[in-house]
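**Student:** this one's structure only:
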């Protein structure tokens, strides 16, 4: 049980278990389109990212809500007019595959200490982290709110 341990010994998987999250975060395969990524995010509103996985469910990238909104914004015409903006729009809109728009994931192992995961989140300005097993397969998502809820037990 988490509350019987010092905070320094609590793992990411224990925090996930304590949070009661059973739903996997939004995922798509690396050959998916940005439209499919948007649909996956809409179906799973508990996250602000879509995790890109390979055929073996290993995490290979992330697509953020910001990226999806930028592409949607271009199609709605929210960008200012001008040659530079237009050329940028054409360049980005023509790349409608997930594999062309995903970022390398900042991830954490499920048996990592929560203190190290928190440090990783703070240093990288992240609100959440994908959690992977020893083989790199996505097993969940650690949210900053999960850490705060868990921390309340220790802070009083």
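**Tutor:** Sure thing, it's come through. Not measured: the values here are computed from a predicted model.
**Student:** mind checking which helix or strand of this protein has the lowest mean pLDDT?
**Tutor:** When each helix and strand of the chain is scored by mean pLDDT, DSSP states H and E, helix 83-93 comes last, with a mean of 53.
**Student:** Output the contacting helices and strands for the helix or strand just after it.
**Tutor:** Using DSSP states H and E, the helix or strand that follows helix 83-93 towards the C-terminus is helix 98-101. Packing partners of helix 98-101 (3 or more C-beta pairs under 8 Å, 6 or more residues apart in numbering; DSSP states H and E): helix 34-43, strand 49-53, strand 59-64. Every residue, glycine included, has its C-beta placed from N, CA and C.
**Student:** Rebuild the ones you listed as JSON lines, extending it with distance to residue 18, mean pLDDT and mean neighbour count.
**Tutor:** Shown next, in JSON lines, are the helices and strands packed on helix 98-101 (distance: least, C-beta to C-beta, whole Å; pLDDT from 0 to 100; neighbours: other C-beta atoms under 10 Å):
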{"stretch": "helix 34-43", "distance to residue 18": "25", "mean pLDDT": "88", "mean neighbour count": "17"}
{"stretch": "strand 49-53", "distance to residue 18": "22", "mean pLDDT": "95", "mean neighbour count": "25"}
{"stretch": "strand 59-64", "distance to residue 18": "23", "mean pLDDT": "95", "mean neighbour count": "20"}
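**Student:** now for the ones you listed, which one comes closest to residue 8?
**Tutor:** With C-beta to C-beta as the measure, strand 59-64 is the member of the helices and strands packed on helix 98-101 nearest residue 8 (26.5 Å).
**Student:** residues contacting residue 105?
**Tutor:** Counting by C-beta atoms under 8 Å, 6 or more residues apart in numbering, residue 105 touches 51, 59-62, 130.
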